[in-house]
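Q: no sequence on hand, only this structure:
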């Protein structure tokens, strides 16, 4: 074999060895970094909590954690005052996008960056709070899923009255550091007035204040409780439910996690679905979509869930008409 022929064979063989390696390198996916910020503390199991409901959905869309994305979690442990600091931390990391869970977290992220894409979830009235220009054309760097703006206070009062027909006074527990809770209080007050029901507001933004609020409710001999939608109060679901049960206080909650923790009933947004849909926005942004062009979605699932054992524990019988209207009855 001539020297020229031998050199040609060597070059060809080398090319065959290099080509597959180059192809693999070109096909290797980039690991995208996702930041997550929330008022809440880290739950015991993220994927069974609504905060992590977007992860299985991303998996369905073909993304694997570690291979396609990594997550930087930031938990404010129930203290909204920590959110600006945590938002700044995430911005310094320069993630590919940030999931802002809840209205206070979304507002903190909006102040921290106007360039990193922000996907919102569990946020009420994003237009009213200035997070987006409109639901159909958000503009800017924010999009995602919003809690339905429908006022649920009429139904909440109706369900409480079904359990306690002679109800004339209802407590509302809210977090004064969450602006959406003051909106919820006004809606409840407006719905209660025609029914002749008096509303008494109690504020709590830390566990000690929750204890104090329930002590005051017990002394006032108020007949029932409505809980305002708030991430901190969700974080304290077990404390809230235990105090309501101990006080034998019929209560209606905004989200299913309270009923799963032993609460009597909930009526409101399916919060798990709200966070699950957030993954669809992540996928579209990863594929080149611009947040400002992606309409904000309001998942249309309101759910009414009852806890049979909780009713028995506080000495209530679930009316048949209410049982039939429930989307789910759990023990």
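A: Yes, it's here. Given the structure is predicted, the values throughout are model-derived calculations rather than measurements.

Q: drop to CA atoms for contacts and neighbour counts, all remaining ones
A: OK.

Q: am I right that residue 172 is in contact with residue 198?
A: No: Residue 172 lies out of contact with residue 198 (C-alpha atoms under 8 Å); the separation is 10.5 Å.

Q: looking at those two, which one has more neighbours?
A: Set residue 172 next to residue 198 and count neighbours by other C-alpha atoms under 10 Å: residue 172 wins out with 23 against 16.

Q: how about that one, phi and psi?
A: phi -120, psi 120 (degrees, to the nearest 10).

Q: and the gap between it and residue 201?
A: Separation of residue 172 from residue 201 (C-alpha to C-alpha, to the nearest Å): 5 Å.

Q: tell me the mean pLDDT for stretch 222-233?
A: Stretch 222-233 shows a mean pLDDT of 95 in the predicted model.

Q: name the residues that touch that stretch?
A: Stretch 222-233 has contacts (C-alpha atoms under 8 Å, 6 or more residues apart in numbering) with 38-40, 77-79, 102, 156, 160, 164, 167-175, 178, 180-181, 184-185, 205, 240, 249-255.

Q: where does pLDDT dip in the stretch 1-150 of the chain?
A: Flagging of the stretch 1-150 of the chain using pLDDT under 70 yields the residue ranges 1-29, 149-150.

Q: strands along that one, start to end?
A: Remark: strands assigned in the stretch 1-150 of the chain by DSSP state E, counting those that start in this stretch are 32-38, 69-75, 97-101, 118-124, 142-147.

Q: could you dump those into a markdown table with mean neighbour count and distance to residue 112 added?
A: Output for the strands of the stretch 1-150 of the chain, formatted as a markdown table (neighbours: other C-alpha atoms under 10 Å; distance: least, C-alpha to C-alpha, whole Å):
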| stretch | mean neighbour count | distance to residue 112 |
| --- | --- | --- |
| strand 32-38 | 23 | 12 |
| strand 69-75 | 16 | 14 |
| strand 97-101 | 26 | 11 |
| strand 118-124 | 28 | 11 |
| strand 142-147 | 28 | 12 |
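
Q: and residue 114, how many neighbours?
A: 12.

Q: please name the nearest non-neighbouring residue to it.
A: Once flanking residues are discounted, residue 114 sits nearest to residue 141: 6.0 Å by C-alpha to C-alpha, 6 or more residues apart in numbering.

Q: need the contact list for that neighbour.
A: By C-alpha under 8 Å, 6+ apart, residue 141 lies in contact with 114, 115, 116, 117, 118, 290, 291, 292.

Q: cool, residue 112 as well?
A: Residue 112 sits in contact with 84, 87, 88, 91, where contact means C-alpha under 8 Å, 6+ apart.

Q: recalculate using a threshold of 7 Å.
A: Taking C-alpha atoms under 7 Å, 6 or more residues apart in numbering, we find residue 112 in contact with 87, 88.

Q: cool, and the one 4 residues further on?
A: By C-alpha under 7 Å, 6+ apart, the contact set of residue 116 is 96, 97, 141.

Q: of all those residues, which comes closest to residue 262?
A: residue 97 (35.3 Å; C-alpha to C-alpha).

Q: tell me how the chain divides into domains.
A: Split into domains by automatic domain parsing, the chain comes to 32-149+271-301, 153-270+303-330.

Q: now do the last one: distance to the chain's middle.
A: Averaged C-alpha coordinates place domain 153-270+303-330 at 19 Å from its chain's average position (C-alpha atoms, centre = their mean, to the nearest Å).

Q: and what of the longest one?
A: Taking C-alpha atoms, centre = their mean, the mean C-alpha location of domain 32-149+271-301 is offset from the chain mean by 9 Å.

Q: now do stretch 162-170: everything it contacts.
A: Residues from elsewhere that reach stretch 162-170, judged by C-alpha under 7 Å, 6+ apart: 161, 196, 197, 198, 199, 200, 222, 223, 224, 225.

Q: cutoff 8 Å now
A: Contacts of stretch 162-170 (C-alpha under 8 Å, 6+ apart): 161, 196-200, 222-226, 250, 316-319, 322.

Q: just those residues: which are in strands?
A: Taking DSSP state E, the ones among the contacts of stretch 162-170 that sit in strands are 198, 199, 200, 224, 225, 226.

Q: tell me, what's the model's pLDDT at the third one?
A: Right, residue 200. So residue 200 comes in at 97 (pLDDT).

Q: in contact with it, which residues?
A: 169, 170, 171, 172.

Q: returning to that earlier point: can you redo the contacts of residue 141 as JSON lines with distance to residue 33?
A: Putting the contacts of residue 141 into JSON lines (distance: C-alpha to C-alpha, whole Å) gives the following:
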{"residue": "114", "distance to residue 33": "18"}
{"residue": "115", "distance to residue 33": "15"}
{"residue": "116", "distance to residue 33": "12"}
{"residue": "117", "distance to residue 33": "12"}
{"residue": "118", "distance to residue 33": "13"}
{"residue": "290", "distance to residue 33": "17"}
{"residue": "291", "distance to residue 33": "17"}
{"residue": "292", "distance to residue 33": "20"}
